[in-house]
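Student: no FASTA, just this:
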Ligand code: SF4
C-alpha cells in the first residue's frame, strides 16, 4: 500500500482565528474508544491484547480479560488515556468548558456539546502489532472494531446532523491518510497530527465559531510546545502513566517520534502529576513514560546518573510502585551499574518492573541501514552484542521486557534474517516476551511498501515460530508475576492460563511443534 494521502495539510495561519484567551459556554467533549478507555486490570502489558482480532475464546470473555471498561461515576471515567488528559488540561487552561466522558455514556452529554475530541492510537488496526495479528488471523483487530463502533454511535450521528464538529488526535492519526472515505463518511472535521498543546485551543475556537477547519493539520516542529507550554494533567491518567519527557535523538528511519525535539520535565512537574493520580486514590503507582526512561535528564545518549537516580528516589518515595514505558538496550548496556542501582530503588516497593524494548533486528548490517544510532554510545556493528548484554542485565535485575522485532523491512536480506534467528537462540533464557511485527511504512520510510503475509519466506516462518516458542516458554511465569500479590489473582489467573492453553493446542494442531 502506497501513501495515498488525499488530504491537504494546512498551516494554522490558513484559518481565521481569535488568538486571545476566551471563555466559551459551549461544551467540548473528549473521549476514546473502549479499548483505550480501560485500565487492563491495572497492567499495561495486558493492554497489548487489544491488538488481536477475535480468536479462540468468546468476544465477551476476551473483552473482560484484556480491556474491561474503566470504572465510571455518572458516565465520567475515573481515569482516562494520558494524551486525552493533556488535551483536557490545555483546553481548561484556555477557559473552555471541557468534559472527558466514557464512550458508553457519551449519549448523556453529547446534546450539550459543540465539539467532540477523540483520541486514537491505532484506529484501523494498521499499527505493527495489530496488522501482524490481523494478517495471521485474517480478522479485524478489536481496537479497530471498537473505534468503528464509537464513530458509528447513533447519538454521535444525530449530534453531527445538528452541527457537532469532530476533531481527532493521537499517535495513530497517520492511518487516516489511508482512509479518506472513512473520514468523509463519519464526518470527521479535523485530524491533528503531532503535539497539539499549542494548536488545539485555536482549532476548537475555530470550530465553535463555525469556521472551516483544516481537514489534516500537521503540527510543525516549530509548533512543538516548550516545557513551560505543556500543562500538567488535572485528573487521573490510566494506570498512573505520566510523561517524564518527550522526543528522541536516535533517529531510527522507521519511527516518527524521532522528528520531535528532546525535552525532559523537571522533577516538580513529574511529582505534581503523580499527586494528581494519587488524589482520590486512583493510582498509588506511576508508570514513567519516555522513549528511553534511562536517558532522563541527559542531553545525548549517555544516561545522567544523578538525575536518573534522583527521579527514581523521588518517585518511589511518593508511590507504592514505579514502572517504565520504554527504555533502550544501549543505555542499559552502557551503564550496567547505574541500571542496577535504579533497579534496586524500584525493587524497594515491588519485585519486578516492565518496559517495552525495541530489538528490531539481530543483524548489524540491517541495524546500520535502518537504525544507525540505536546502538549509541556503541557502534551499530555491535548491535547484537548490545542486545545480548542489555537483555541479560534486564533478566538479572528483574526488568521484564516486551520486545519487538521488525519483519520484512526494506533492504532486509536472508543473511539479516539468519542473524536475527541466531540472536533469538541466544535470548531463550531471558525472561521476556518477543513479538515479531510486520514492517509498516512510517517515519522516513513512510513511502515504502507494506510487508504482507504473502511475502513470508521460510526464514520468516522460522523466525516467527522461534518467537512463538520463546513466548510460550515464558508466558506462564509472566502471568504469575503480573498478578502476584493482587487480591483477585486466584480468580482471574486461571482464565489467562486457559487462554494460553487453547492457543498452544491450536498451534500444535496446526502442525507447529
Ligand atoms: S529509539 Fe525508539 S523512539 Fe527513538 S527513534 Fe528509534 S524507534 Fe523511535
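Tutor: Perfect, I can see it now. Predicted model, so just to flag it, every value in this text is computed and none were measured. Residues are numbered from 1 along each chain as shown.

Student: Now the spatially most central residue of the chain. Nearest residue, chain neighbours left out?
Tutor: Nearest to the centroid of the C-alpha atoms of the chain, with distances taken as C-alpha atoms, centre = their mean, sits residue 121, at 6.8 Å. By the measure of C-beta to C-beta, 6 or more residues apart in numbering, the closest residue to residue 121 outside its immediate chain neighbours is residue 172, 4.7 Å from it. Bear in mind the C-beta positions are built from the backbone N, C-alpha and C, glycine included.

Student: Can you tell me how far that neighbour is from the ligand?
Tutor: Noted for residue 172: a distance of 16 Å to the ligand, by C-beta to the nearest ligand atom, to the nearest Å.

Student: List the contacts of that residue.
Tutor: Contacts for residue 172 were tallied using C-beta atoms under 8 Å, 6 or more residues apart in numbering; they are 120, 121, 122, 123, 124, 127.

Student: Most neighbours among those, please name it.
Tutor: Using other C-beta atoms under 10 Å as the contact criterion, the top neighbour count among the contacts of residue 172 goes to residue 123, which has 27 neighbours.

Student: Could you chop the protein up by domain?
Tutor: Residue ranges for each domain of the chain read 12-223, 236-509, as given by automatic domain parsing.

Student: Off-centre distance for the last one?
Tutor: Averaging C-alpha positions (C-alpha atoms, centre = their mean, to the nearest Å) puts domain 236-509 12 Å from its chain's average.

Student: Does the ligand have contacts with it?
Tutor: Yes - where contact is defined by C-beta under 6 Å from any ligand atom, part of domain 236-509 touches the ligand, namely 248, 250, 251, 252, 255, 257, 258, 291, 328, 358, 371, 374.

Student: Am I right that the residue nearest to the centre of the chain is in a strand?
Tutor: No - the assignment for residue 121 by DSSP: H, G, I helix; E, B strand; the rest coil gives coil, which leaves it out of any strand.

Student: dump the residue contacts of it.
Tutor: Contacts here follow C-beta under 8 Å, 6+ apart; on that basis residue 121 touches 36, 81, 127, 143, 170, 171, 172.

Student: Now that we have these, can you turn them into JSON lines and tack on distance to residue 499?
Tutor: Shown next, in JSON lines, are these (distance: C-beta to C-beta, whole Å):
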{"residue": "36", "distance to residue 499": "22"}
{"residue": "81", "distance to residue 499": "25"}
{"residue": "127", "distance to residue 499": "22"}
{"residue": "143", "distance to residue 499": "18"}
{"residue": "170", "distance to residue 499": "28"}
{"residue": "171", "distance to residue 499": "27"}
{"residue": "172", "distance to residue 499": "26"}
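
Student: so which of those comes closest to residue 65?
Tutor: Distances from the contacts of residue 121 to residue 65 were compared by C-beta to C-beta; the smallest belongs to residue 143, at 14.9 Å.

Student: What are the phi and psi values at the nearest residue to residue 351 once chain neighbours are set aside?
Tutor: Residue nearest to residue 351 in three dimensions, not counting chain neighbours: residue 398, with 6.5 Å by C-beta to C-beta, 6+ apart. With angles defined as degrees, to the nearest 10, residue 398 shows backbone torsions of phi 70, psi 30.

Student: All the helices of the stretch 351-500 of the chain, in order from the start?
Tutor: 364-370, 383-397, 414-426, 458-483, 489-509 (DSSP state H, counting those that start in this stretch).

Student: Now the longest one: buried residues?
Tutor: Judged by neighbour count using 16 or more other C-beta atoms under 10 Å, the buried positions of helix 458-483 are 459-460, 463-468, 470-471, 474-475, 478-479, 481-483.

Student: just the last one next, same as before
Tutor: With burial defined by 16+ other C-beta under 10 Å, the residues of helix 489-509 counted as buried are 492, 493, 496, 499, 500, 503.

Student: Could you do the third one as well?
Tutor: Going by neighbour count (16+ other C-beta under 10 Å), the buried part of helix 414-426 is 416, 417, 419, 420, 421, 423, 424.

Student: Where does pLDDT dip in the stretch 151-300 of the chain?
Tutor: Across the stretch 151-300 of the chain, residues meeting the criterion (pLDDT under 70) sit at 258-259.

Student: ok, the residue in the stretch 401-513 of the chain positioned nearest to the ligand - how many residues close by?
Tutor: Among the residues of the stretch 401-513 of the chain, residue 443 lies nearest to the ligand; the distance is 7.4 Å by C-beta to the nearest ligand atom. Counted by other C-beta under 10 Å, the residues lying close to residue 443 total 17.

Student: Thought residue 253 was touching it, still the case?
Tutor: Yes - using C-beta atoms under 8 Å, residue 443 and residue 253 qualify as a contacting pair, with a distance of 5.9 Å.

Student: Which among the residues of domain 236-509 next to the ligand count as buried?
Tutor: When burial is judged by neighbour count using 16+ other C-beta under 10 Å, the buried members of these are 248, 250, 251, 252, 255, 257, 258, 291, 328, 358, 371, 374.

Student: on that earlier part again, distance of the residue nearest to residue 121 relative to residue 441?
Tutor: Using C-beta to C-beta, to the nearest Å, residue 172 is found at 14 Å from residue 441.

Student: Could you do residue 285 as well?
Tutor: Here the distance between residue 285 and residue 441 works out to 36 Å (C-beta to C-beta).

Student: hmm, back to that, could you check the pLDDT of the residue nearest to residue 351?
Tutor: The predicted local distance difference test score for residue 398 is 96.

Student: contacting residues around it?
Tutor: Residues in contact with residue 398 (C-beta under 8 Å, 6+ apart) are 343, 347, 351, 352, 353.

Student: Quick one: end-to-end distance for stretch 262-271.
Tutor: The distance separating the two terminal residues of stretch 262-271, taken as C-alpha to C-alpha, to the nearest Å, comes to 20 Å.

Student: when you give positions from now on, start the count at 10
Tutor: That works, and once the first residue is 10, the last one we named lands at stretch 271-280.

Student: what's next to stretch 91-104, contact-wise?
Tutor: Counting contacts by C-beta under 8 Å, 6+ apart, the residues outside stretch 91-104 that touch it are 30-33, 37, 39-41, 89, 107, 109, 126, 128, 178-180, 205-206, 209-210, 213, 239-247, 250-252, 298.

Student: and with 6 Å instead?
Tutor: Outside of stretch 91-104, the residues within contact range by C-beta atoms under 6 Å, 6 or more residues apart in numbering are 30, 32, 37, 39, 41, 107, 109, 128, 179, 206, 209-210, 240, 242-243, 246, 250.
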